[in-house]
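Participant: Got a sequence here, can you model it:
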Amino acid sequence: MLYFCASRNYQMKLFLFKIGMFLAFFIIGSGSNAQVANVLKINSPNGLMELKFYLDADGSPRYAFKAEGLPIVKDGRLGIVLKDQNSLDKGFVLDSSYTNEIDDTWTTVWGEERQIRNHYKSLNVKLTQGMGSEKRVLNLEFRLFNDGLGFRYIFPEDGNLGLFTVRDELTTFPLDADHDAYWIPGDYDTNEFRYSRSKLSQVHSMQFSEDNNIAFKQSVHDSLVQTPLMMIAGDGYYIAIHEAALLHYPAMNLEIDRNKLELKSHLVPDVLGNKAYLQGGDKTPWRVILYAKKAKDILTNRIIINLNEPSKIPDPSFIKPGKFIGVWWEMHVGKSSWNYWDKSTALSSKFWKQTKHHGANTANVIRYIDFAAKHDIPYVLVEGWNEGWEDWFGAYREHIFSFSKPYPDFDINAISSRAKAKNVKLIMHHETSGAVTDYERQLDTAIRFMIQHGYPGIKGGYVGKIIPRGEHHDGQWMVDHYERVASKFGLNKMTVDLHEPVRPTGLHRTYPNWWSNEAARGNEFNAWSRGNLPEHETILPFTRLLGGPMDYTPGIFQIKMNVYDSAKKEQVHTTLTKQLALYVTLYSPIQMAADLIENYEKRPDAFKFIKEVPTDWDTTVVLDAEPGDYIYVARRERNGKQWFVGAITDEQERLFEPDLSFLTPGKKYNMVIYRDGETADWEKNPMSYIIDKKTIRSTEKLKIRLAPGGGCAIQFTPTGR
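Facilitator: Purely as a prediction, here's the structure:
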């Protein structure tokens with residue numbers, strides 16, 4: 001076994017390089033490994049994880065990953081298939097290798113924790129293929145943590161690769177058993193499916209029977225699933241597979257081989273069937289495997305964010321986490337509209353008449369600004385403010401939206417002046433309808449318009465098929481676009497919250513102004529579709545949120561939609577207090593109080609929790625969790641001493657008995673509990689709640705009923721504060 005301590009000086013690196021050269025001739029000569037050359041092994045810092053790398057008899061790179069002696073991945077394949085030239089998949093020779101150990105801690109701009117430890121051992125492998133002038137180089141980098149593995153392909157500038165086109169990536173994850181999995185169908189354009197749980201061998205994506213109410217999707221085949229993929233092993237451990245630092249490369253789905261119980265990378269293609277256009281100096285995203293013996297430890301695994309590069313924002317002081325309200329939910333429940341003109345009144349737009357219920361009118365927006373100021377909410381979002389909402393949905397054409405021309409009833413000068421006077425910031429909405437080429441042409445003008453009127457950031461949207469036509473939301477071209485947007489807004493000291501993008505992979509470390517995304521099935525589906533099952537919010541942290549924060553839009557108090565229209569049968573599939581708990585269990589530095597302000601005015605006692613819960617944390621403690629069942633989380637505010645707890649359940653009633661040892665021993669806390677009423681039930685009585693107050697210490701016990709589909713939220717404030 002190869003093992004070296006960390007070193008940062010040149011002499012040690014030279015020594016490691018020479019050892020790597022020696023290992024190029026190391027051969028295991030017994031049993032089935034008689035033809036297997038160049039075997040390299042490293043262990044994690046705690047010694048419990050093991051990575052093995054080797055070249056098989058064909059010179060194809062292979063790897064295996066064990067955790068606590070368990071074969072998590074058995075002899076996975078590595079390689080890249082190229083177009084119109086020899087592929088990087090076999091015929092390799094191990095040129096050199098070296099190992100290293102890193103143990104450092106870095107401070108987040110915002111997040112679930114103030115500081116994150118980054119501790120791993122690495123193995124860097126240089127492979128050569130061919131001879132003389134035809135010799136090419138492929139590097140592989142592995143980082144083995146105490147709770148998982150990350151690895152990537154690196155195409156060195158001096159590797160004689162030039163320009164090349166990727167047709168396929170051969171990475172596989174052969175598993176040791178038919179694990180249970182939480183999955184959504186593989187797709188090139190949407191992540192907004194409901195989750196299913198089944199054995200891997202029983203996944204049938206194309207037979208997915210639920211009505212998901214997704215207008216734009218690109219399902220592929222019956223054995224394809226998306227990442228993050230959460231798996232539960234029969235003998236009691238948990239695995240998640242995802243990727244980190246997705247840049248200049250398409251997103252990875254996973255193909256399931258039901259017979260071999262093997263997962264293979266499946267990259268999103270462009271219209272030509274090509275996956276990526278690269279050159280020497282490029283690298284792939286990290287392929288990531290997370291491991292835990294307890295489900296709750298998956299939720300505090302920081303491998304994905306650690307594999308991303310440090311912040312590229314020189315001065316992130318403009319990024320101010322907080323909450324926002326907005327002109328948004330009223331459109332989803334049918335109270336108002338995004339469009340100003342009623343296109344049904346005439347065939348020609350010249351003769352359209354004004355709609356009666358345009359939401360983004362000056363008086364309504366000012367009402368939201370005043371409410372935000374009164375309740376110390378720093379941001380207000382306004383959707384439907386700009387020209388183009390009459391013909392946008394599914395149009396698949398350019399020149400629909402303007403990002404600098406407001407509707408006639410949206411007095412941007414009066415609105416901006418009111419917001420400035422009230423110390424409230426406005427979030428601008430940029431819905432592209434998928435016409436991304438048109439959006440990029442307008443982007444500089446849009447940013448100048450935002451600067452002129454004091455907007456600090458956007459909520460972006462990508463509803464619809466992508467233009468350039470033939471591209472997909474999750475393909476390389478769009479991945480590059482999302483980074484361009486994050487970078488450009490960051491340079492202008494503005495924030496970005498994207499809806500309908502590719503799923504996150506930890507890039508909020510590199511671009512902390514890109515502070516949230518949707519990229520999953522959000523709360524809005526409850527307003528006009530079959531909605532999200534009560535278990536949905538207990539699955540998201542184990543899947544979608546592993547890659548980064550989610551703008552889920554919690555805080556709905558009016559649970560049943562028939563209040564707005566007696567014919568409506570839709571509802572939010574939670575209790576009211578579960579909506580409060582989501583501010584703690586579903587992390588985002590920018591959280592929406594999503595309901596209508598009149599619904600908050602009816603229940604100011606419950607709304608008090610939304611006002612006071614932070615969105616930026618110093619410490620996170622997962623008290624207990626099980627995907628699909630329940631999640632209990634405690635967090636301490638950044639730059640403060642208050643603790644907040646969120647506990648949520650699925651459709652099952654549960655008794656929540658939190659361990660309060662996270663509180664400072666010996667200190668007294670004023671505790672406020674927002675809990676389900678005695679007869680509360682997500683379906684039968686969802687808006688019943690009770691607020692209890694008492695003084696408590698860390699050694700005391702609590703017993704709190706969580707109603708079916710329910711939850712509770714708790715605030716702990718040190719006495720005398």
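Participant: which helix in this structure runs the most residues?
Facilitator: When the chain is parsed with DSSP state H, its longest helix is helix 436-453.
Participant: what is the mean pLDDT for that helix?
Facilitator: Here helix 436-453 scores 98 as its mean pLDDT.
Participant: Next, the buried residues of it.
Facilitator: Neighbour-count burial for helix 436-453 flags 436, 438-439, 442-443, 446-447, 449-450, 453 (criterion: 16 or more other CB atoms under 10 Å). Heads up, the C-betas are built off the backbone N, CA and C, glycines and all.
Participant: Residues touching it, excluding its own?
Facilitator: 398-404, 412-413, 416, 426, 428, 430, 432, 458, 462, 466-468, 471, 478, 481, 484-485, 488-489, 492, 494 (CB atoms under 8 Å, 6 or more residues apart in numbering).
Participant: Tell me which helix or strand comes right after it.
Facilitator: Toward the C-terminus, helix 436-453 is succeeded by strand 457-461 as the next helix or strand (DSSP states H and E).
Participant: show me where the stretch 551-700 of the chain has strands.
Facilitator: Counting by DSSP state E, counting those that start in this stretch, one finds strands in the stretch 551-700 of the chain at the ranges 590-592, 617-626, 630-637, 643-649, 654-656, 669-676, 689-696.
Participant: would a markdown table of these with mean pLDDT and mean neighbour count be doable?
Facilitator: Output for the strands of the stretch 551-700 of the chain, formatted as a markdown table (pLDDT from 0 to 100; neighbours: other CB atoms under 10 Å):
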| stretch | mean pLDDT | mean neighbour count |
| --- | --- | --- |
| strand 590-592 | 98 | 27 |
| strand 617-626 | 98 | 19 |
| strand 630-637 | 98 | 24 |
| strand 643-649 | 98 | 27 |
| strand 654-656 | 98 | 17 |
| strand 669-676 | 98 | 22 |
| strand 689-696 | 98 | 14 |
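Participant: Distance check, residue 263 against residue 701.
Facilitator: Per CB to CB, to the nearest Å, residue 263 is found 44 Å from residue 701.
Participant: Among these two, which residue is more densely surrounded?
Facilitator: residue 263 (26 against 9; other CB atoms under 10 Å).
Participant: The more buried one against residue 242, yeah?
Facilitator: No - shown here, residue 263 and residue 242 do not form a contact pair, counting by CB atoms under 8 Å, at 11.9 Å.
Participant: What about the closest residue to residue 164 other than its chain neighbours, how many residues nearby?
Facilitator: Nearest residue to residue 164, sequence neighbours excluded (CB to CB, 6 or more residues apart in numbering): residue 82, at 5.2 Å. Around residue 82 sit 16 other residues, with neighbours defined as other CB under 10 Å.
Participant: Now do the same contact list for residue 82.
Facilitator: 88, 164-167.
Participant: how about it, phi and psi?
Facilitator: phi -110, psi 160 (degrees, to the nearest 10).
Participant: pLDDT score assigned to it?
Facilitator: For residue 82, the pLDDT comes out at 98.
Participant: ditto for residue 720
Facilitator: In this model, residue 720 carries a pLDDT of 84.
Participant: Where does it fall, secondary structure wise?
Facilitator: With DSSP H and E as the test, residue 720 turns up in no helix or strand.
Participant: picking up where we left off before, so what sits against both of residue 263 and residue 242?
Facilitator: Residues within reach of residue 263 and of residue 242 at once, by CB under 8 Å, 6+ apart, are residue 229.
Participant: For the stretch 301-450 of the chain, which segments count as helices?
Facilitator: With helices called from DSSP state H, counting those that start in this stretch, the stretch 301-450 of the chain shows them at 303-306, 329-332, 362-374, 412-421, 436-453.
Participant: which intervals of this protein have sub-threshold pLDDT?
Facilitator: The model of the chain has pLDDT under 70 over residues 1-37, 208-211.
Participant: same thing but at 90, please
Facilitator: Along the chain, segments meeting pLDDT under 90 span 1-38, 206-220, 234-236, 343-351, 720-721.
Participant: and the strand or helix carrying residue 713, which residues are buried?
Facilitator: Assessed by DSSP H and E, residue 713 sits inside strand 711-718. By neighbour count, with 16+ other CB under 10 Å as the criterion, the buried positions of strand 711-718 are 711-717.
Participant: got it, and stretch 198-207?
Facilitator: Quick answer for stretch 198-207 (16+ other CB under 10 Å): 200, 203, 205.
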